[in-house]
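> task: produce atomic coordinates for the following.
(3 chains)
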Amino acid sequence: MAFSIYDFTSFNQSIDKLLYDSLPPFWALIIEMTIIGVVFLLFYAVVGLFLVYAERKVCAFMQNRVGPNRVGPYGIFQTIADFIKLLMKELIYIKNADKLLFNLAPFIVIIASFMAISAVPFAKGLHAIDFDIGILYVIAVSSLGVVGILLAGWSSNNKYSLIGAMRSGAQIVSYELSVGLSLVTIIILAGTMQFSAIVEGQANGWFIFKGHIPAFIAFVVFLIASTAETNRGPFDLAEAESELTAGFHTEYSGIKFAFFFLAEYMNMFLVASIAATVFLGGWMPFHVSGWGGFNAVMDFIPPLIWYFGKTAFIIFLMMWFKWTFPRLRIDQLLTLEWKYLLPINLVNILVMAFMVLMGWHF
Amino acid sequence: MNSFFQYFADIFNGVKSLLTGMKVTGRYFFSPWEIVTQQYPENRKTLKMYDRFKGEVIMPHTANNEHRCTGCGICETNCPNGSIEIIQDKIDMPDGKKKRIIDKHIYHLSMCTFCGLCIKTCPSDALAWGQEFEHAVFDRTKLTKILNKPGSSILKDISE
Amino acid sequence: MKEVINLPVKNIEEEEYHINMGPQHPSTHGVLRLVVSLQGEIVKSLKPHCGYIHRGIEKMCEKDTYPQIIHLTDRMDYLSAHINNHAVCLLVEKALEVEVPERVKYIRTIVDELNRIASHQLWWCSFGMDMGGLTCFFYGLRDREKILDIFEESFGSRLLHSYYTPGGLMMDIHPDFQKNVKVFIKYFRKKIKDYDDLLSGNVIMQLRTKGVGVISKEDAISFGMTGPTGRGSGFSCDVRKHHPYGVYEKVQFNEIVRTEGDTLARYLNRMDEMRESMNIIEQLIDNIPAGDYTAKMKAVIKLPAGEYFQRVESARGELGVYVVSDGNKTPFRMKFRTPSFSNLSTLDYVSRGCKIADLVAIGASMDYVIPDIDR
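Next comes the predicted model:
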């Protein structure tokens, strides 16, 4: 079993071979799926808890506070304590609520982000599925989450929730376009939709540098649109605290609320990791062509660190947005999308296509 | 054509104003020495209230357990919400006259609005502000206090 | 008057969508209940329900002597407690024709302006929070803390001071008062730039406030809007300028009037008022004359029979105190004309046709203090 921190392909293949050699193919497949499922669940829990803690600390430091500092050293166990509290809280059942949909909604939200993360490559050979239409799959699956939000708003039989859900519907349907189109810009440059191929394509330079101006514009548009898609930052109209108390999850309590809460952070992690993969080279180290020594040093840093570093950087950017800007109004939100982001995006795609045609990229 | 340029000027100015805002929060993020949070239970030892802080009404006593209260009841009449109750006592003076003194100066902290009229109007300056502020108790009867300490007597120069 | 927007109702099934904003709602800053009827996101009409925090302060005043009334006025508009106290003190002094020492007038003016800055800082916090920028809240509170520390050092408490008495002050200012105020002004002149960078200039904030909730000058006057809110509509109503009290005649300051009448104008008015208050304090702080901190007053204050009225400029607008005295030591009838109540009356009229988010922004720009509305 050849284990290397730089390349997980042979490690994974040896496990695969071991299972298929010792078990019938059906059971081997089942066990493989179970292992991956459990690994993702654990990963989910850890990342979710860490992100909640990180967000609190980041916002605290931006606001001249110290943030959580009571549970454990520097408050690192605060989110775990919160999670235990949420687990033990009563699940309140609302009279006249649509029971089935009400209970279903949090699962849809969390499953959507769960499914999407499976296509993301964490390091060389370290991904659950490597679709050849990876980007399309992620766009398709991640937009399922809005169904959960709409259901939550509708079924809780609360007026605030309904307004929040309707806002969220309008918002995500619009911003889905920008997310897709900005990724299409990079697909044109990369010539593939497969995540592993996209990452490999950035071996001699990340796409944001390779595709210079149009790629940078696409990156900014993706950042804005994906922040909106995750219902965060200046675009948190669906839960707009000062207007709708808590928006679509007003009536949720206990672990079901925790699902929404966790899904928000997981969506943030998901879009950050897609941005990192597509624009910033995923797990690919930073290379400057011609600088052999520098490249060798960069190669020495394990790909997992590169990947998480880039993701953390983008997550930090999104937190920075959230804790700086006031919230947009719903009509301004749609104006921003349809009058600014979408036209810019469409022109940007043309520029990128022309550039790729003429070979003007690096 | 003008509106065409306006479109891009709007985008440019908008982004610029957003970056200005991000500069402010970013600067505070990277300057943790500007944090103003006081970590309260930990800093109890070093926490010092201002001399004039209105924590509660107290009656200062000297080392000989003497206070300055004559029991005149002016604080009671001046209190806007009845937080002070005076119970007077009469003692026989050596010359045969009766003299009233304070028996109990009852102070309901739970009703006090900290207006300071009792302290301001007291003719013999018997009352003062105490700096104690941790008044939380589980039983509200504990908030009713008797300000003159048991066995205390009035200061000599006041009573004459 | 502006025409009230009547949205077309298509059929009987399209009922009004009522939501209750409050009494427990993050954007009402207290226990104000707004029954809002909506059509989608658009506010059709709005009905404020007051009285959730009515304590009958006016009635309670009728059994209290004049010095005792002071501590009740603290609890009306708790964010400008000093200014409320000032109104009652001025009224009693006017009725008794007492001349208070110059020192008292100077200190009262400085403290009033400090209180106004503190109040506007808290308004800025909550405005930012209502707009969705939570960071504003902490920056505002951080700077307000500096003023509260000055207050605590001198007057013993942070919010409800009861510092003024008829005829003077409770006690003299702390020896460090002048030094600390100067330090604060230097500090806050630096920090107010952050406020502008973070919120005033922000494109989202500009978009959400410009042209939203416009009140014309005529409407502002007929609704009795005063303070920064009324002055945002071009109604020159600064009591400090028009009916000066304290030492406002002796200082140079501008009355800040904007004519746009929208949320942004009201916002910028308050921001400018903070700067103007700092100017006033800077002119006075070094020139506090020596002298007594209180005039000679009788132990029992009895107002001669008659009617008295006094107004001051509180942080929210014009605060009027009306007293009918029958010659006793307690007033026969007491009435407060509070600015928040008049400003609230416009909310229905202004917010018709706006979005819910606009309603929150308009409400924030009016700067209600709910106990001031209900009393």
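
> now A:F325, what's its secondary structure?
coil (DSSP: H, G, I helix; E, B strand; the rest coil).

> list the contacts of it.
A:F325 sits next to A:233-234, B:18, B:21, C:132-133, C:202, C:204 when contact means Cβ atoms under 8 Å, 6 or more residues apart in numbering or on different chains. Placement of C-beta: from N, CA and C, glycine included.

> also C:K355?
Contacts for C:K355 (Cβ under 8 Å, 6+ apart) come out as A:329-331, C:41-43.

> what residues does chain C have near chain B?
C:64, C:67-68, C:70-72, C:135, C:142, C:145, C:152-157, C:160, C:162, C:165, C:170-171, C:174, C:194, C:197-199, C:201-204, C:206, C:299 (Cβ under 8 Å from any Cβ of the partner chain).

> touching chain C at all, the longest helix along chain B?
Looking across chain B with DSSP state H, the single longest helix is helix B:2-29. Yes - using Cβ under 8 Å from any Cβ, helix B:2-29 comes into contact with chain C via B:13-14, B:17-18, B:20-21, B:23-25.

> distance of the residue in chain A that chain C sits nearest to from A:L101?
In chain A, the residue that lies nearest chain C is A:R327 (2.7 Å; Cβ to the nearest Cβ). Distance of A:R327 to A:L101, given as Cβ to Cβ, to the nearest Å: 28 Å.

> between those two, who's got more neighbours?
A:R327 (28 against 16; other Cβ atoms under 10 Å in any protein chain shown).

> leaving out chain neighbours, which residue sits closest to that one?
C:G132 (2.7 Å; Cβ to Cβ, 6 or more residues apart in numbering or on different chains).

> give me the low-pLDDT residue ranges for the chain?
You didn't pick a chain, so chain A it is. A:1-5, A:289, A:361-362 (pLDDT under 70).

> please go with chain B instead
B:1, B:157-160.

> just the residues of chain C next to chain B: which are in strands?
C:T165 (DSSP state E).

> report the buried members of the residues of chain C next to chain B.
C:64, C:67-68, C:70-72, C:135, C:142, C:145, C:152-157, C:160, C:162, C:165, C:170-171, C:174, C:194, C:197-199, C:201-204, C:206 (16 or more other Cβ atoms under 10 Å in any protein chain shown).

> how many residues are close by the nearest residue to B:N65 once chain neighbours are set aside?
Spatial nearest neighbour of B:N65, chain neighbours left out: B:S152 (4.6 Å); criterion: Cβ to Cβ, 6+ apart. Burial of B:S152 is recorded as 17 neighbouring residues (other Cβ under 10 Å).

> A:G153 is in what secondary structure piece?
A:G153 belongs to helix A:145-155 when assigned by DSSP states H and E.

> hmm, back to that, near chain A, which of the residues of helix B:2-29 next to chain C show up?
B:18, B:21, B:24-25.

> now the residues you listed as CSV including neighbour count?
Formatted as CSV, these follow (neighbours: other Cβ atoms under 10 Å in any protein chain shown):
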residue, neighbour count
B:L18, 18
B:G21, 27
B:V24, 20
B:T25, 26
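
> can I get these in TSV with distance to A:S174?
Formatted as TSV, those follow (distance: Cβ to Cβ, whole Å):
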residue	distance to A:S174
B:L18	20
B:G21	24
B:V24	30
B:T25	27
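
> so which bits of the stretch 51-200 of chain A are right by chain B?
Residues of the stretch 51-200 of chain A lying close to chain B by Cβ under 8 Å from any Cβ are A:58, A:61-66, A:69.

> check contacts around A:A240.
So A:A240 contacts A:164, A:167, A:247, A:327, C:132, C:357 (Cβ under 8 Å, 6+ apart).

> show me where pLDDT drops low in chain C?
In chain C (pLDDT under 70), the answer is C:1-15.

> centre-most residue in it?
Note on chain C: the residue nearest the mean C-alpha position is C:R316, at 2.4 Å, using Cα atoms, centre = their mean.

> strands along chain A, start to end?
Using DSSP E, strands in chain A do not occur.

> what of chain C?
Applying DSSP E to chain C gives strands spanning C:17-21, C:33-39, C:42-49, C:164-165, C:168-169, C:306-314, C:317-325, C:333-337.

> need the winner for burial among these.
Most buried of the strands of chain C by mean neighbour count (mean count of other Cβ atoms under 10 Å in any protein chain shown) is strand C:164-165; its value is a mean of 28.

> what's in contact with that strand?
Residues outside strand C:164-165 that contact it (Cβ under 8 Å, 6+ apart): B:120, C:67, C:70, C:82, C:85-86, C:89, C:108, C:170, C:294, C:297.

> residues of chain B that sit close to chain A?
Within chain B, the positions near chain A by Cβ under 8 Å from any Cβ are B:11, B:18, B:21-22, B:24-26, B:28-29, B:32, B:34-37, B:39.

> over to chain C?
Residues of chain C found near chain A (Cβ under 8 Å from any Cβ) are C:17-19, C:25-27, C:38, C:41, C:128-135, C:137-139, C:142, C:198-199, C:202, C:204-205, C:207-208, C:355-358, C:360.

> out of the residues you listed, list just those in helices.
C:128-131, C:134-135, C:137-139, C:142, C:204-205, C:207-208, C:356-358, C:360.

> state the distance from the residue nearest to A:R327 to C:D326.
Using Cβ to Cβ, C:G132 is found at 53 Å from C:D326.

> neighbour count winner among these two?
Neighbour totals were compared for C:G132 and C:D326, and C:G132 leads with 28 against 13 (other Cβ under 10 Å).

> A:R232 is in contact with that one, correct?
No - checked against Cβ atoms under 8 Å, the pair C:G132 and A:R232 is beyond contact range at 11.4 Å.

> kindly report the residues of chain B close to chain C.
B:13-14, B:17-18, B:20-21, B:23-25, B:36, B:50, B:52-54, B:78, B:80, B:113-117, B:120-121, B:129.

> and the residues of the stretch 51-200 of chain A next to chain B, which two are the farthest apart?
Using Cβ to Cβ, those span at most 16.0 Å, a distance reached by A:M62 and A:N69.

> could you check which of those two has the larger neighbour count?
Counted by other Cβ under 10 Å, A:M62 and A:N69 do not tie: A:M62 has more neighbours, with 26 against 17.

> surely that one is in contact with B:T25?
Yes - counting by Cβ under 8 Å, A:M62 touches B:T25, with 4.4 Å between them.

> intersection of neighbour lists for these two?
A:320, A:323-324, C:135.

> out of these, which is nearest to chain B?
A:T324 (4.6 Å).

> burial measure for that closest one, as a count.
Neighbour count of A:T324, defined by other Cβ under 10 Å: 26.

> for it, what are its contacts?
Taking Cβ under 8 Å, 6+ apart, we find A:T324 in contact with A:62, B:18, B:21-22, B:24-25, C:133, C:135, C:198.

> can you list those residues in CSV and add distance to B:K90?
Formatted as CSV, these follow (distance: Cβ to Cβ, whole Å):
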residue, distance to B:K90
A:M62, 67
B:L18, 78
B:G21, 72
B:M22, 75
B:V24, 69
B:T25, 69
C:G133, 67
C:T135, 65
C:L198, 68
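
> residue in chain B nearest to chain A?
Per Cβ to the nearest Cβ, the residue of chain B with the smallest distance to chain A is B:T25, at 4.4 Å.

> so how far is C:F138 from that residue?
Distance, B:T25 to C:F138, using Cβ to Cβ: 10 Å.

> do the same with A:G75
As for A:G75, its distance to C:F138 is 17 Å (criterion: Cβ to Cβ).

> same check on C:I373?
Distance check for C:I373 against C:F138: by Cβ to Cβ, it reads 27 Å.

> who has more neighbours out of the two?
It is C:I373, of C:I373 and C:F138, that has more neighbours when counted by other Cβ under 10 Å, with 26 against 22.

> surely the more buried one touches C:L32?
Yes - counting by Cβ under 8 Å, C:L32 is a contact partner of C:I373 at 6.9 Å.

> what do these two both touch?
Applying Cβ under 8 Å, 6+ apart, one finds that C:I373 and C:L32 are jointly contacted by C:50, C:344.

> thank you kindly, that will do.
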